[in-house]
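Peer 1: The following block contains a protein sequence and its predicted model.
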Amino acid sequence: MKYMMFIKLSENHRSQPVPPGMYEAMGEFVDASLKSGVMKDAAGLKATAEGHRVRLSGGKIQVTDGPFTESKEVVGGFAIVDVKSREEALEIARTFMDIHRVHWPAFEGECEVRPFEDM
């Protein structure tokens with residue numbers, strides 16, 4: 001089963017420096033997961049100031065430039081994994097968040113884990 005994992009955090013964390021050990025530990029985890037074939041893709045996302053929203057409402061499309069100051073939480077990164085079970089997906093998410101806990105103690109956020117639709 002494929003799962004999408006969204007890392008959600010406060011936009012305030014985007015302005016804080018990421019500890020160097022965090023990049024190293026996350027890089028090792030992502031590299032090992034990619035090599036094993038479990039992880040298909042992953043990336044961090046830039047701040048919403050560099051983003052846009054394209055909204056369809058009432059039959060009209062509207063584009064809004066970032067930043068999105070009204071948002072309490074934003075997606076700060078993602079991962080796509082292909083695993084055998086929900087439990088395996090949750091274990092990857094726990095490991096991912098534990099890397100944050102150990103290497104960036106001030107970080108607060110969550111990892112949302114959602115299965116892909118069967119096509």
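Peer 2: Perfect, I can see it now.
Peer 1: in the protein, which spans are helices?
Peer 2: Ranges of helices in the chain, per DSSP state H, are 20-36, 86-103.
Peer 1: Out of those helices, indicate the one that is most buried.
Peer 2: helix 86-103 (a mean of 15; mean count of other CB atoms under 10 Å). The way it works is simple: take the backbone N, C-alpha and C, and place the C-beta from them, glycine included.
Peer 1: Figure out how far that one is from the centre of its chain.
Peer 2: Here helix 86-103 is found 12 Å from its chain centre; the criterion is CA atoms, centre = their mean, to the nearest Å.
Peer 1: and if you look at stretch 45-52?
Peer 2: Using CA atoms, centre = their mean, the offset of stretch 45-52 from its chain centre is 13 Å.
Peer 1: What is the end-to-end distance of that stretch?
Peer 2: End-to-end distance of stretch 45-52 (CA to CA, to the nearest Å): 13 Å.
Peer 1: Name the residues of that stretch that come out as buried.
Peer 2: Buried residues in stretch 45-52, counted by 16 or more other CB atoms under 10 Å: T48.
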